[in-house]
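J.: Got a sequence here, can you model it:
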Amino acid sequence: MSLPANLVPDEASPEWLNKGDNAWQLTAATLVGLQSIPGLVILYGAMVKKKWAVNSAFMALYAFAAVLVCWVGWAYRMAFGDKMVFFWGKPAVALDEKYLLDRAFLGYFGTASMVYFQFVFAAITLILIAGALLGRMNFRAWILFVPLWLTFSYTIGAYSIWCPDGWLAKLGVIDFAGGFVIHLASGVAGFTAAYWVGPRESKDRENFPPNNILVALAGAGLLWMGWTGFNGGAPYAASNLAALAVLNTHVCTATSLLTWLTLDMFYFGKPSVVGAIQGITTGLVCITPAAGLVQTWAAILMGLISGSIPWYTMMVLHKKIKLLQYVDDTLAIIHTHAIAGSIGGILAGVISVPKLCRLFYAVSDKYITLAYGLRMGQASAGFHQLLIQLIGIVFIIILNVVMTSLICWIIGLIVPLRLPEEELEIGDDAVHGEEAYALWGDGKKTENAKANSEQV
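T.: Have a look, this model is predicted:
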């Protein structure tokens, strides 16, 4: 019996290519891309004071573009290519059609799809870091920071945890879709960079209201729905595991939002829209390292935890710890990403189902998590998995504190990390010559705006 014409292998569709998997991988990658542009672009632009709307949105947009060029130029193969050392791959281009049309290192699709999919994860990591630096970082310093941090920090974490030759991957760390590689890394790196950059202008730090909460909700909605691709694409297949990951993602996030909302109402007496956005974020982050590896009842449990512990660290503990008060983390990335990602990573080592781990990792002699180890009479294996998770957390923290500090120090030798006081006073118009809500009909165009208009 012959195959239907659309399933007959040819040079463009070799025998190893699963068209359904490839279509889903490209779709999932695009959903993650939409989380960044326009998702985080408009979320950042709306969550800051009016005078910083353009700068905040543009930091996200620049990072997305810069990461892509660096990614295909050298960074992808440093994260997923041939081993240089046990924690890092060799730099090389991902530009040749022979390389890009060959089969990816995992899955039944080509390397081009994998490069694109992994790019959007790398890009959103840098954009998340920007969330800690809004309202004062020198844009020229940000231009340098993005390629340097991608090259010397992100690729190390990604290779160590996600590349099959990485040392933490071989050790057996569980990180389904980036709780460590993306969220813990961005939270720690953002907090560290915020320390070196310095704080916002004092009056901005005291009074920094969102300029458009409705637009912020739209950005948060794109972030939430885009996470379908974030976690659903992690199995590299249009499979039942992908469907479970998607369902668990949304269940955990909804639970986290409701938990945060309840605590806000109980503690402050009013339901907060900004608080709901924080609850969405912590739920999405917490479920990420275990999305396709836990029961859906466990996703509800993770939502309760992700909506409460980060709420406590942000609303209560933050005011009691001098370091947290000293470092000006604009959008509280340390709480929403580092703490929520760490919680998710620890819970992944406790309540991930061994059967689901076997399906995801295709390995049967690892990934006995603590709760199931105790139930199966393999407590030592369960504690061992939890120890591996903690090792992963410590590694990512140390990596990002050290590398981010070195990168900021080097950049500081070239350009100031922080904007001068006179530009901090004015904001977007001083930095970019543009304003988010300028009235173009009143004849008050800046010189840059006139030049741009004349070129159109």
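J.: So residue 61 is in contact with residue 41, correct?
T.: Yes - Residue 61 lies in contact with residue 41 (Cβ atoms under 8 Å); the separation is 5.5 Å. For glycine as for every other residue, the C-beta is placed from the backbone atoms N, C-alpha and C.
J.: Between the two, tell me which one has more neighbours.
T.: Taking neighbours as other Cβ atoms under 10 Å, residue 61 and residue 41 compare with residue 41 leading, 22 against 17.
J.: per-residue confidence for the more buried one?
T.: At residue 41, the model reports a pLDDT of 97.
J.: can I assume it is in contact with residue 60?
T.: Yes - between residue 41 and residue 60 there is a contact under Cβ under 8 Å: 4.7 Å.
J.: okay, and the common contacts of the two?
T.: When Cβ atoms under 8 Å, 6 or more residues apart in numbering defines a contact, no residue borders residue 41 and residue 60 alike.
J.: Lowest mean pLDDT among the helices and strands of this protein, which one is it?
T.: Scoring the helices and strands of the chain by mean pLDDT, DSSP states H and E places helix 447-455 at the bottom, with a mean of 50.
J.: Just give the number of residues close to residue 7.
T.: Residues contacting residue 7 under the criterion other Cβ under 10 Å number 9.
J.: which residues does it contact?
T.: By Cβ under 8 Å, 6+ apart, residue 7 has no neighbours at all.
J.: What confidence value was assigned to it?
T.: Residue 7 is given a pLDDT of 76.
J.: try the one 10 residues further on
T.: Residue 17 is assigned 92 on the pLDDT scale.
J.: Tell me if I'm right that it and residue 104 touch.
T.: No - Residue 17 is beyond contact range of residue 104, at 10.2 Å (criterion: Cβ under 8 Å).
J.: Can you get me a residue count around residue 357?
T.: Around residue 357 there are 26 other residues, counting by other Cβ under 10 Å.
J.: Which strands or helices does the host helix or strand of it pack on?
T.: In this assignment (DSSP states H and E), residue 357 forms part of helix 354-361. Contacts defined by 3 or more Cβ pairs under 8 Å, 6 or more residues apart in numbering; DSSP states H and E place helix 354-361 against helix 240-268.
J.: got the angle for the helix it packs on vs helix 354-361?
T.: When axes from the mean of the first three to the mean of the last three Cα atoms, to 10 degrees is applied, the directions of helix 240-268 and helix 354-361 differ by 120 degrees.
J.: Same question for the helix or strand that helix 240-268 is followed by: list its buried residues.
T.: Sequence order places helix 273-287 as the next helix or strand after helix 240-268, per DSSP H and E. Buried residues in helix 273-287, counting neighbours by 16 or more other Cβ atoms under 10 Å, are found at 275-287.
J.: tell me which residues of whichever helix or strand comes after helix 273-287 are tucked away?
T.: Next in sequence after helix 273-287, counting helices and strands by DSSP H and E, comes helix 296-306. Neighbour-count burial for helix 296-306 flags 298-303, 305-306 (criterion: 16+ other Cβ under 10 Å).
J.: can I get those residues in CSV with distance to residue 54 and pLDDT?
T.: CSV is the format used below for the buried residues of helix 296-306 (distance: Cβ to Cβ, whole Å; pLDDT from 0 to 100):
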residue, distance to residue 54, pLDDT
298, 42, 97
299, 38, 98
300, 40, 98
301, 41, 98
302, 36, 98
303, 35, 98
305, 37, 98
306, 32, 97
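J.: and which of those residues is nearest residue 52?
T.: Nearest to residue 52 among the buried residues of helix 296-306, counting by Cβ to Cβ, is residue 306 at 28.1 Å.
J.: Now for that closest one: which residues touch it?
T.: Listed by Cβ under 8 Å, 6+ apart, the contact set of residue 306 reads 252, 256, 259, 282-283, 285-287, 340, 343-344.
J.: So, low pLDDT: which residues of the stretch 301-450 of the chain?
T.: 438-450 (pLDDT under 70).
J.: Residue 235: which of the buried residues of helix 273-287 is nearest?
T.: Among the buried residues of helix 273-287, residue 287 lies closest to residue 235 (Cβ to Cβ), at 14.7 Å.
J.: mind checking pLDDT for the closest one?
T.: 97.
J.: residue contacts, the closest residue to it other than its chain neighbours?
T.: Using Cβ to Cβ, 6 or more residues apart in numbering and skipping the chain neighbours, the partner closest in space to residue 287 is residue 252 (3.9 Å). Contact analysis of residue 252 by Cβ under 8 Å, 6+ apart lists 283-284, 286-287, 291, 299-300, 302-303, 306.
J.: Kindly recompute the last result at 10 Å.
T.: 227, 231, 282-288, 290-291, 294, 296, 298-307, 344 (Cβ atoms under 10 Å, 6 or more residues apart in numbering).
J.: Likewise for residue 354?
T.: Here residue 354 is in contact with 293, 364, 366-369, 372-373, 375-376, 378, 381-382, 385 (Cβ under 10 Å, 6+ apart).
J.: mind running it again at 8 Å?
T.: Neighbour list for residue 354: 367-369, 372, 376 [criterion: Cβ under 8 Å, 6+ apart].
J.: before we move on, back to that, list the residues that contact both of residue 17 and residue 104?
T.: Common neighbours of residue 17 and residue 104 are listed as residue 110 (criterion: Cβ under 8 Å, 6+ apart).
J.: Could you dump the contacts of residue 354 into CSV with neighbour count, distance to residue 218 and secondary structure added?
T.: Formatted as CSV, the contacts of residue 354 follow (neighbours: other Cβ atoms under 10 Å; distance: Cβ to Cβ, whole Å; DSSP: H, G, I helix; E, B strand; the rest coil):
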residue, neighbour count, distance to residue 218, secondary structure
367, 25, 38, coil
368, 23, 43, coil
369, 29, 37, coil
372, 20, 40, helix
376, 12, 46, helix
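J.: Would you format those as CSV with distance to residue 217 included?
T.: CSV is the format used below for the contacts of residue 354 (distance: Cβ to Cβ, whole Å):
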residue, distance to residue 217
367, 38
368, 42
369, 36
372, 39
376, 44
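J.: hmm, which two among those are most spread apart?
T.: Using Cβ to Cβ, the contacts of residue 354 span at most 12.4 Å, a distance reached by 367 and 376.
J.: Residue 352: neighbour count?
T.: By the measure other Cβ under 10 Å, the count of residues near residue 352 is 28.
J.: Backbone torsions only: list them for it.
T.: Note on residue 352: its backbone torsions stand at phi -70, psi 140 [degrees, to the nearest 10].
J.: So it versus residue 174, what's the distance?
T.: Distance, residue 352 to residue 174, using Cβ to Cβ, to the nearest Å: 6 Å.
J.: Repeat that for residue 245.
T.: Residue 245 is 13 Å from residue 174, where distance means Cβ to Cβ.
J.: repeat for residue 116
T.: 25 Å.
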